[in-house]
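> Curious how this folds, go ahead:
(one chain, ligands or ions: 1)
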Amino acid sequence: MNSSEILNRLAVCLARLPGIGRRSAERMALKLARDTHGIVDELVAALRETREKICCCSRCGSVTANDENPCRLCTDITRDGRILCVVEDPSDIMAIDKSGSYHGRYHALMGKMAPARGDGPKQLRIDSLLSRIESEKIEEIILALSTDVEGDATASYIAELLKEKNVKVTRLASGLPAGSGIMYSDAITLAKAIKGRQGM
Ligand SMILES: [Zn+2]
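The predicted structure follows:
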């Protein structure tokens, strides 16, 4: 592999991360290639540590340490175990929890239904959601999904599945920016949306 192929490989990897476009990835790759401040060594060590010590909680899907699984959110007995907030991504859990307006438990689907990309309900953590509703005797499900076509389709699909179950299904109130994800909403907007959640 010559130097431009090596840099290109690195840029392709970086561009797969959220929020990083192709051009930014190329600039990062060049910066790392010219590194004289130990950034590369630190990055390699941090990446290795992340891979070795961090995982997704086997119950809710949020990011946790390997030796703390189920995570603190799942084992904290001061949280209301009767309410489950369903989100797309672990980063949404962090955003909602930071808003301080919700004290129940969480469940990350790890995506949303997107038939164009081949992502159907089978790709999502819906089976584990259904079994949690039973085993944890959940009384309310809050669907905190993004306000776009795919988020709406996912919310309707889950609400339909839960129709026969003895569980209240609500969705975050409008007020969240149309077409945007939970993690991009500010704490005040999120708090209002949770407080004003509506039945489905
Ligand atoms: Zn958890």
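
> List the buried residues in the lengthiest strand in the chain.
As assigned by DSSP state E, the longest strand anywhere in the chain is strand 80-87. For strand 80-87, the neighbour count (16 or more other CB atoms under 10 Å) marks 83-87 as buried. For glycine as for every other residue, the C-beta is placed from the backbone atoms N, C-alpha and C.

> And for stretch 102-120?
Residues of stretch 102-120 classed as buried by neighbour count (16+ other CB under 10 Å): 102, 104-109, 112-114, 119.

> Can you tell me which of the residues you listed is nearest Glu52?
Ala108 (21.7 Å; CB to CB).

> Tell me the helices and strands packed up against the helix or strand where Glu150 lies.
Following DSSP states H and E, the helix or strand that holds Glu150 is helix 149-161. Under the contact definition 3 or more CB pairs under 8 Å, 6 or more residues apart in numbering; DSSP states H and E, helix 149-161 sits against helix 126-135, strand 140-143, strand 168-171.

> all strands of the protein, in order?
Going by DSSP E, the chain shows strands at 54-56, 63-65, 80-87, 104-108, 140-143, 168-171, 198-199.

> Around the ion, which positions in this structure sit nearby?
With CB under 5 Å from the ion as the criterion, the chain comes near the ion at residues 57, 59-60, 70-71, 73-74.

> Just the residues you listed: which are in helices?
73-74 (DSSP state H).

> what's the domain layout of this structure?
Following automatic domain parsing, the chain resolves into domains at 3-51, 79-199.

> counting residues per helix, which one in the protein is longest?
Per DSSP H, the chain has its longest helix at helix 39-53.

> on that earlier part again, ranking the helices and strands packed on helix 149-161 by mean neighbour count, which comes first?
strand 140-143 (a mean of 22; mean count of other CB atoms under 10 Å).

> gap between Gly111 and the ion?
Counting by CB to the ion, to the nearest Å, the gap from Gly111 to the ion is 17 Å.

> ok, now which ones touch Leu43?
Contact analysis of Leu43 by CB atoms under 8 Å, 6 or more residues apart in numbering lists Leu32.
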